[in-house]
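Undergrad: I'll drop the sequence and a predicted model, then ask my questions.
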Amino acid sequence: MNWSKCKSIFIYFFLIIDVLLFSILVFLYFQDSYIPKKEVDSIHQYLSAQKIQVSDDVIPRWVPKMKNIELLNVVRSDSSLVTQFNKNSKEEIPIENKTYKFGKKSLTIDNNHFLYVDDSAFSGQRLAQKDVTTKVKIYLTSLGFDMTNIKTSTIESKDGIYTFSYQKILSKMLLGEAKLTVTVGKSGSLSASGIWFNPIMHDSYTKVAPRSVIDILVLFSRDVSAQKEKNVSIKGIHLFYHIDSIDAYHRTFTASSTWEIETKNNKTYFYDARS
């Protein structure tokens with residue numbers, strides 16, 4: 001028996017098996033997330049009958065699988081943002097809607113919203129526009145902000161004052177409610193306001209395909225609020241992470257997938273994307 005030839009045959013056999021298994025996995029992955037063209041054509045006909053206009057390139061043909069993500073509020077009694085205002089280290093600062101002050105720093109809390117000011121954050125430093133967002137990220141990280149996976153807006157500069165914003169990204173999707181607006185003054189002061197959460201990843205959460213955009217468009221066509229619009233034309237359909245009950249303070253939240261439909265009348269409609 002030619003063992004060398006048999007060995008080669010076994011190697012090729014297992015390679016073929018591996019390729020087949022990989023192809024099956026890829027097929028199953030896209031089968032859950034890919035929308036066939038005939039379904040898009042059908043929803044077009046249905047929406048047209050409802051006098052709702054939407055172009056082909058607006059309807060997502062493929063969407064990623066998503067999982068619920070637990071979030072930790074940066075406004076909490078044991079966060080570095082808050083503890084710096086604790087004059088008595090043996091006691092926790094209660095999270096109340098009030099303003100705390102320490103030296104040249106202040107923190108105003110309004111449920112999940114906050115306004116943080118440090119008049120001497122970058123005093124004595126000359127911040128170039130190209131460096132300011134990186135410097136601010138390092139500063140906020142030292143206060144317990146998770147500044148990884150973020151979207152930074154274009155910097156507006158006027159009279160030596162820089163203004164820009166950060167938005168949190170979870171699994172390549174924007175977290176709609178997590179946004180910081182930052183202003184850096186020419187004297188080195190820093191002001192940061194908004195809502196911010198740090199993600200807590202759990203292996204127990206599994207990724208699932210979100211509810212089909214076809215179902216969401218049918219829901220939109222039956223939405224009483226949308227029916228009040230005249231000459232309805234959809235200009236955008238987006239999938240992102242959303243937090244329920246954001247108006248009430250919580251230490252932790254769970255972000256879930258949500259569909260947003262935006263019309264050319266600048267109206268937006270939100271629908272739960274969980275299957």
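TA: Happy to help now that I have it.

Undergrad: which strands and helices sit next to the helix or strand harbouring residue 106?
TA: Element membership of residue 106 [criterion: DSSP states H and E] is strand 105-110. Applying 3 or more CB pairs under 8 Å, 6 or more residues apart in numbering; DSSP states H and E, one finds that strand 105-110 contacts strand 99-102, strand 113-118. Every residue, glycine included, has its C-beta placed from N, CA and C.

Undergrad: okay, and for the chain, where does confidence drop off?
TA: Across the chain, the ranges flagged by pLDDT under 70 are 1-15, 17-33, 87-94, 202-205.

Undergrad: per-domain residue ranges of it.
TA: Domain assignment for the chain by automatic domain parsing gives 34-68+205-272, 72-198.

Undergrad: nearest to residue 16, out of the ones you listed?
TA: domain 34-68+205-272 (25.5 Å; CB to CB).

Undergrad: for residue 100, see how far away residue 84 is.
TA: From residue 84 over to residue 100 the distance is 9 Å, taken as CB to CB, to the nearest Å.

Undergrad: now, of the helices and strands packed on strand 105-110, which is deepest in the fold?
TA: Comparing the helices and strands packed on strand 105-110 by mean neighbour count (mean count of other CB atoms under 10 Å), strand 113-118 comes out on top with a mean of 20.

Undergrad: tell me what that strand is packed against?
TA: Looks like strand 113-118 contacts strand 105-110, strand 190-195 (3+ CB pairs under 8 Å, 6+ apart).

Undergrad: make JSON lines from the ones you listed and add distance to residue 246 to it.
TA: As requested, the helices and strands packed on strand 113-118 are arranged in JSON lines below (distance: least, CB to CB, whole Å):
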{"stretch": "strand 105-110", "distance to residue 246": "12"}
{"stretch": "strand 190-195", "distance to residue 246": "7"}
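
Undergrad: just the helices in the chain please.
TA: Using DSSP state H, the helices assigned to the chain run over residues 3-33, 37-49, 80-83, 129-142, 213-222, 224-227.

Undergrad: quick check: bridge partners of residue 102?
TA: Per DSSP bridges, the residues bridged to residue 102 are residue 105.

Undergrad: about what we covered before: run the chain-centre distance for the strand holding residue 106.
TA: Distance of strand 105-110 from the chain centroid (CA atoms, centre = their mean, to the nearest Å) equals 24 Å.

Undergrad: by how many degrees do it and strand 113-118 diverge?
TA: Strand 105-110 and strand 113-118 are oriented at 170 degrees to each other (axes from the mean of the first three to the mean of the last three CA atoms, to 10 degrees).

Undergrad: and strand 105-110, what's buried?
TA: 105-107, 109 (16 or more other CB atoms under 10 Å).

Undergrad: which of these lies closest to residue 219?
TA: residue 109 (36.5 Å).

Undergrad: the closest one contacts residue 97, doesn't it?
TA: Yes - counting by CB atoms under 8 Å, residue 109 does reach residue 97; the two are 5.8 Å apart.

Undergrad: export the domains of the chain to JSON lines and append columns for distance to residue 16.
TA: Below are these laid out as JSON lines (distance: least, CB to CB, whole Å):
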{"stretch": "domain 34-68+205-272", "distance to residue 16": "26"}
{"stretch": "domain 72-198", "distance to residue 16": "33"}
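
Undergrad: ok, residue 216 - how many residues close by?
TA: Counted by other CB atoms under 10 Å, the residues lying close to residue 216 total 23.

Undergrad: for the one 4 residues further on, same thing?
TA: Residues within reach of residue 220, counting by other CB under 10 Å, total 24.

Undergrad: partners of residue 272 in the sheet?
TA: Bridge pairing for residue 272 - DSSP bridges - gives residue 258.

Undergrad: got the contact list for it?
TA: Residue 272 sits next to 211, 256-259 when contact means CB atoms under 8 Å, 6 or more residues apart in numbering.

Undergrad: hang on, the earlier thing: using CSV, lay out the helices and strands packed on strand 105-110 together with distance to residue 45.
TA: Converted to CSV, the helices and strands packed on strand 105-110 look like this (distance: least, CB to CB, whole Å):
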stretch, distance to residue 45
strand 99-102, 57
strand 113-118, 45
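
Undergrad: who wins for proximity to residue 221 among these?
TA: Between residue 221 and the helices and strands packed on strand 105-110, the tightest spacing by CB to CB is seen for strand 113-118, at 34.9 Å.
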